[in-house]
Structures are given as structure tokens and as C-alpha cells.
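> With the input below, show me the fold.
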Amino acid sequence: MPVVRSFFGLGLGVFALSAGILLEGGSLRTYLQFTPMLVVVGGTLGMCLMVFSVSEIFHSVLFAMGIDPANKKSRHLANHVFTVASKGLTYSGIVGFIFGLIHVLSNIGSLEKIGSGVVVAVVCPLYAVIIKLFIVEPLLASPTVRRTLATHAKKNKNRKNLEPGATGEHLRLIRARDGHVVR
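The predicted structure is shown next:
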């Protein structure tokens with residue numbers, strides 16, 4: 001059932017975005033650009049592959065979609081994979097924007113060359129947000145992965161008094177509170 005829900009939600013989101021573009025007289029071809037997609041998806045996958053193996057990423061996707069059997073290790077791994085992917089999308093969108101802006105500024109005297117830089121600068125963050133919104137965040141919020149986040153939050157809440165500075169307090173204040181001699 002989670003797989004059907006995932007694909008239905010993704011399909012509905014893509015349909016709504018496409019319909020909005022077409023209703024306003026736009027062309028889908030304008031929004032389908034290879035270079036920004038390469039920058040965003042390639043940058044995100046590169047960031048994930050620096051931390052995880054292909055097998056770990058693949059199993060995390062299957063786990064979040066409810067296909068792979070659930071176990072504690074899978075939940076924990078999926079949580080980390082999708083958190084890294086979410087950050088990777090954000091950073092790749094920003095980097096793509098900066099690359100596009102550099103292209104525009106380096107070709108400021110030639111109007112013909114500015115267009116491709118503007119497309120990269122505008123579409124990279126757009127792709128990053130759309131992929132994050134319709135793919136990564138729903139997988140991160142899936143019930144199987146969400147249980148891991150709740151468990152992790154409870155553990156950290158119970159441990160906050162054990163780790164100096166975990167709550168943002170200064171070490172000296174913690175020692176004074178705990179009855180240690182403060183010099």
C-alpha cells in the first residue's frame with residue numbers, strides 16, 4: 001500500500017505542476033532542462049555516494065517505500081540516507097544557482113549567451129525544491145522512517161543532562177548546577 005500511495009502522490013504532484021504550467025500558456029519543454037537536472041541530481045547522488053554505498057541507498061529507498069522488510073538497522077540507515085539526500089538537494093540547488101549566475105556575469109556583454117546561464121540559475125533551485133518536496137521528504141516522512149526519528153528524539157531528550165553542552169548551556173553553568181566547584 002505505501003508504494004501505491006507514493007506513486008499516486010508523485011503522479012498527482014507532477015500532474016498538478018504540469019497542469020498549472022499549461023493553464024498559464026507555458027510549455028513543459030521550457031521547464032525540462034538537462035543541465036540543471038544534471039547539476040541537482042548528480043550533485044545530490046554524489047553527496048550520498050560519498051557517505052553511503054549504492055546498496056545502502058537502494059535498500060533505504062525500498063525500505064521507505066515499504067518493499068524491504070523492516071528492521072531497526074534499515075530504519076536508522078534510511079533516516080540517514082534521506083537526511084543526507086535532503087541536504088544534498090539544497091546544496092546542489094544553491095551551487096547550480098551560483099554556477100548559472102557566474103555564467104551570466106561572465107557573459108554580460110553577449111545577450112545570446114546569457115540565456116543559458118539564467119536557465120541554470122533559475123531552474124536548479126526549482127528542481128531541487130521539487131525533488132525534495134515530492135520524493136525525498138515523503139520518503140523521509142514515511143511511517144517506517146518516521147518511527148526512527150521519534151525514537152531518536154526520545155533518546156536525545158533523556159540524554160540531555162548527561163552530555164555537557166548538549167542543551168546549549170555553557171560548561172561552567174552545568175558544573176555549577178551539578179554542585180561542582182567553579183573557579
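> helices or strands next to the helix or strand containing Ala78 in the packing?
Assessed by DSSP states H and E, Ala78 sits inside helix 72-106. The contact analysis (3 or more Cβ pairs under 8 Å, 6 or more residues apart in numbering; DSSP states H and E) places helix 72-106 against helix 34-51, helix 54-64, helix 111-131, helix 137-140, helix 143-159. Backbone N, C-alpha and C define where each C-beta goes, glycine included.
> Report the angle between the longest one and helix 72-106.
To tie it back to what came earlier, the one meant is helix 111-131. If you take axes from the mean of the first three to the mean of the last three Cα atoms, to 10 degrees, helix 111-131 sits at 160 degrees to helix 72-106.
> In terms of secondary structure, what does helix 111-131 contact?
Against helix 111-131 (3+ Cβ pairs under 8 Å, 6+ apart) you get helix 34-51, helix 72-106.
> mind giving me TSV with those helices and columns for mean pLDDT and distance to Val118?
Below are those laid out as TSV (pLDDT from 0 to 100; distance: least, Cβ to Cβ, whole Å):
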stretch	mean pLDDT	distance to Val118
helix 34-51	92	11
helix 72-106	89	6
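> Dump those helices into TSV; add distance to His59 as well.
Shown next, in TSV, are the helices and strands packed on helix 111-131 (distance: least, Cβ to Cβ, whole Å):
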stretch	distance to His59
helix 34-51	13
helix 72-106	7
